[in-house]
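**Student:** got a structure for you, letters missing:
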């Protein structure tokens, strides 16, 4: 019986212990919803980056761009470690606030005789329970978001919705749990050590208000002015493009901008004082603005850090989305497969039962290089003469632009051009659903691969073509057509042409009579199959069948894989970093304000004692929060305009340089969307601030448990 009673008491004790853990954890989550939400977001971000390898988009890319994908995946451990480093400081900072808010509760436990070892166990159990709940909430959301990220990325690449099966990576989930719990335990051990070292009297005391050094107005004003000047210098260097000249200038620009941000916030308090003193003083406006002024004075370093983190988030998010969105599509894509070899062999293989009827429009394109003196290779090559004097003269009449200089440079190497047969290229035009080219024997048209031409370059070339320009081949004059053609006549990169000529078949036969020319056989997937499965799935199905043959060919998937890889790399990495930076920055400034509000608790209680209405005090808190966020986010938003402009001026791919303006405005729009996230954060912090103020007036009963 005695043993039964001991077992019963131990069971009852354990049940009461776990009930207390559950109640305390629930209360902590309610009071610190921002922190708990940040933990869930951290779980989501960890899983997203760790599960890259198992995502369908990445598996698809691996079949064509394995080396590039391997290099991207090799960055995952680095991003994971970097994220752990940042999340540790987030957990530590927010945990410190959480424990400080409960210091009086801990003091009561110790006064009632609870041993510090048992208090440590309670806090550890509460922390682990909240961590488990964050993990259980975050992992399902992570799986859903990883699938959505895969689908969105495919849309950004212009592929439509990928047909794929939902995936779950157990390895990513385990590493997520290991890293998350590791960070939480390390931060808890450090924080609990600080609590264990405090006396009961210090735990029972309400946190003292922080004091700041009184300065004359001269020094803050000088810091504010110096900060503005440094920021203007950094902005100017960034927009002018000088920051990308070399590593030294980039480091100098970043250092100047960072220093300017810190000096700006350091001197902002005095500037706010001058501005706020002119405002009409009604109700609690004096109290509100004095609170805000002291928050800026005391916390200008954390505000500067948060502002820089938000700046990084805005730049990463805007750049990744804008480049992926603007560069989507399949411009220049006409042909799905290009074959080389004997026509009879190609047709026989494509007529096999498993492939029969899946491809259409098999057509021939003949291409050869017009060798001139000094460029002939072997005795069988005939040396031709080729003149571009009139074309060069016409280019000289263009306005001075970057495109004109690029065209002049290209013409210097336009000595032995590739020549394309008209009938073959017209077959490409028909496959693209465009009008065929009508050329006479004394006419020619200019061609360039779509990868070599942007919109402004194409316009410059066509301006030249419309000047009644002529080219000379073997002493005969050929009038240049007024249109530049850019539809690729091979599926990927079997042949690349910077600037070439299209001539009639009669001229082509005469120029290369008795010479061996290159022949490419092009085909597209049947429209019915594309409508049934979508372009991506249809091409992949045909490609899997062609791999079983001995045909030599290339596929549109190869170029598609490269394009999609760049979009995936920019979208995944940029958005991941943006989410990390944004989450940490907003959590820091949110928790920072709530900590400061708690330490100012005496002031709020005094206002209540003097007869202030609780609603008026809550409105004062809301105003402080709006200003606090506005100063931090506003500075970051202004800096992001110059940061985004600098990125588009320094590291854009050459093919997108002509679209820098479109990219810039698209990026600003994308950055503006983060305002929704900021609004949510502000709303949550204002709600938490009101709850804390009301608890000062009407303390909940649970606080005395």
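**Tutor:** Cool, the structure landed. No experiment lies behind these values; they were computed from the predicted model shown. Residues are numbered from 1 along each chain as shown.

**Student:** the helices in the stretch 451-600 of the chain, which residues?
**Tutor:** 455-465, 505-511, 527-533, 535-546, 556-599 (DSSP state H, counting those that start in this stretch).

**Student:** check contacts around residue 426.
**Tutor:** The contact partners of residue 426, taken as Cβ atoms under 8 Å, 6 or more residues apart in numbering, are 436, 437. From N, CA and C alone the C-beta is placed, and that goes for glycine too.

**Student:** what helix or strand is it on?
**Tutor:** Secondary structure assigned from DSSP states H and E places residue 426 in helix 422-431.

**Student:** now that helix: buried residues?
**Tutor:** 422, 423, 424, 425, 426, 427, 428, 429, 431 (16 or more other Cβ atoms under 10 Å).

**Student:** quick one: contacts for the third one?
**Tutor:** For residue 424, the contacting residues are 363, 364, 365, 366, 367, 489, 520, by Cβ under 8 Å, 6+ apart.

**Student:** apply 10 Å and report the result again.
**Tutor:** Contacts of residue 424 were listed using Cβ atoms under 10 Å, 6 or more residues apart in numbering, and they are 363-367, 489, 502, 505, 508, 519-522.

**Student:** re earlier: compare the helices of the stretch 451-600 of the chain and give me the one nearest residue 259.
**Tutor:** helix 556-599 (18.8 Å; Cβ to Cβ).

**Student:** quick check: angle from that closest one to helix 535-546?
**Tutor:** Orientation of helix 556-599 against helix 535-546 (axes from the mean of the first three to the mean of the last three Cα atoms, to 10 degrees) gives an angle of 130 degrees.

**Student:** just checking, what packs against the helix or strand containing residue 40?
**Tutor:** Assigned by DSSP H and E, residue 40 belongs to helix 33-50. Packed against helix 33-50, as judged by 3 or more Cβ pairs under 10 Å, 6 or more residues apart in numbering; DSSP states H and E, are the following elements: helix 2-31, helix 76-101, helix 116-156, helix 170-196, helix 556-599, helix 660-697.

**Student:** quick check: mean pLDDT of that helix?
**Tutor:** pLDDT averaged over helix 33-50 equals 81, rounded to a whole number.

**Student:** kindly report the same for stretch 373-387.
**Tutor:** Stretch 373-387 comes out with an average pLDDT of 71.

**Student:** quick revisit: now do the buried residues in the helix holding residue 40.
**Tutor:** Buried residues in helix 33-50, counted by 16+ other Cβ under 10 Å: 34-50.

**Student:** kindly report the domain assignment for this structure.
**Tutor:** The record assigns the chain these domain ranges, following automatic domain parsing: 21-208, 218-278, 359-525.

**Student:** Throw those domains into JSON lines and include distance to residue 320, thanks.
**Tutor:** Conversion of the domains of the chain to JSON lines gives the following (distance: least, Cβ to Cβ, whole Å):
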{"stretch": "domain 21-208", "distance to residue 320": "9"}
{"stretch": "domain 218-278", "distance to residue 320": "19"}
{"stretch": "domain 359-525", "distance to residue 320": "21"}
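
**Student:** quick one: buried ones out of the contacts of residue 424?
**Tutor:** Using 16+ other Cβ under 10 Å, the buried ones in the contacts of residue 424 are 363, 365, 366, 367, 489, 502, 508, 519, 520, 521, 522.

**Student:** now the residue nearest the centre of the chain. Nearest residue, chain neighbours left out?
**Tutor:** Geometric centre of the chain, nearest residue: residue 574, 2.6 Å, by Cα atoms, centre = their mean. Distances taken as Cβ to Cβ, 6 or more residues apart in numbering put residue 320 closest to residue 574, at 2.6 Å, once the chain neighbours are dropped.

**Student:** which strands and helices sit next to the helix or strand the one you found falls within?
**Tutor:** Taking DSSP H and E as the definition, residue 320 sits inside helix 300-326. Helices and strands in packing contact with helix 300-326 are listed as helix 116-156, helix 218-240, helix 247-277, helix 285-298, helix 556-599, helix 614-650, helix 660-697; criterion 3+ Cβ pairs under 10 Å, 6+ apart.

**Student:** now do stretch 462-477: distance to the chain's middle.
**Tutor:** Here stretch 462-477 is found 46 Å from its chain centre; the criterion is Cα atoms, centre = their mean, to the nearest Å.

**Student:** number of nearby residues for residue 420?
**Tutor:** Per other Cβ atoms under 10 Å, the neighbour tally for residue 420 reads 26.

**Student:** quick one, phi/psi of it?
**Tutor:** Geometry field for residue 420 lists phi and psi as phi -120, psi 140, criterion degrees, to the nearest 10.

**Student:** which non-adjacent residue is nearest it?
**Tutor:** Distance criterion Cβ to Cβ, 6+ apart; nearest residue to residue 420, sequence neighbours excluded, is residue 502 at 4.8 Å.

**Student:** enumerate every residue touching that neighbour.
**Tutor:** 418-422, 424-426, 437, 439, 443-447, 481, 485, 489, 508.

**Student:** my guess is residue 40 contacts residue 141. True?
**Tutor:** Yes. In terms of Cβ atoms under 10 Å, residue 40 counts as a neighbour of residue 141; the distance is 7.1 Å.

**Student:** what's the neighbour count on residue 556?
**Tutor:** Burial measure for residue 556: 24 neighbouring residues, criterion other Cβ under 10 Å.

**Student:** I'd like the distance between it and residue 58.
**Tutor:** Summarising the geometry, the distance separating residue 556 from residue 58, computed by Cβ to Cβ, to the nearest Å, is 20 Å.

**Student:** ok, residue 358 - how many residues close by?
**Tutor:** Neighbour count of residue 358, defined by other Cβ under 10 Å: 18.

**Student:** list phi and psi for it.
**Tutor:** Dihedral angles of residue 358 (phi, psi; degrees, to the nearest 10) stand at phi -90, psi -20.

**Student:** list the contacts for the residue nearest to it when sequence neighbours are not counted?
**Tutor:** Closest residue to residue 358 in three dimensions, ignoring its sequence neighbours and counting by Cβ to Cβ, 6+ apart: residue 542, at 5.3 Å. Shown here is residue 542, whose contacts under the criterion Cβ under 10 Å, 6+ apart are 336-337, 350, 354-355, 358-359, 523-526, 529, 555, 557.

**Student:** closest to residue 219 among the residues you listed?
**Tutor:** Of these, the one sitting nearest to residue 219 (Cβ to Cβ) turns out to be residue 557, at 63.8 Å.

**Student:** was I right to think the closest one contacts residue 541?
**Tutor:** No. Contact status for residue 557 versus residue 541: not in contact, 11.1 Å apart, counting by Cβ under 10 Å.

**Student:** which of those two has more neighbours?
**Tutor:** For residue 557 versus residue 541, neighbours defined as other Cβ under 10 Å are more numerous around residue 557 (21 against 14).

**Student:** show the pLDDT at that one.
**Tutor:** Per-residue confidence for residue 557 comes out at a pLDDT of 72.

**Student:** what do you get for the one 5 residues further on?
**Tutor:** Here the pLDDT value assigned to residue 562 is 62.

**Student:** what's the answer for residue 506, then?
**Tutor:** You'll see residue 506 listed with a pLDDT of 93.

**Student:** which residue sits closest to it, ignoring its sequence neighbours?
**Tutor:** Counting by Cβ to Cβ, 6+ apart, the residue nearest residue 506 is residue 441, at 5.5 Å.

**Student:** what number of residues lie near that neighbour?
**Tutor:** Neighbours of residue 441 (other Cβ under 10 Å): 13.

**Student:** ok, now how distant is the residue nearest to residue 574 from residue 129?
**Tutor:** When distances are taken as Cβ to Cβ, residue 320 and residue 129 turn out to be 36 Å apart.

**Student:** of these two, which one has the most company?
**Tutor:** Taking neighbours as other Cβ under 10 Å, residue 320 and residue 129 compare with residue 320 leading, 24 against 18.

**Student:** pull the residues that contact stretch 133-141.
**Tutor:** Under the criterion Cβ under 10 Å, 6+ apart, residues 25-26, 29, 35-47, 142, 145, 168, 172-173, 176-177, 180-181, 184 lie in contact with stretch 133-141.
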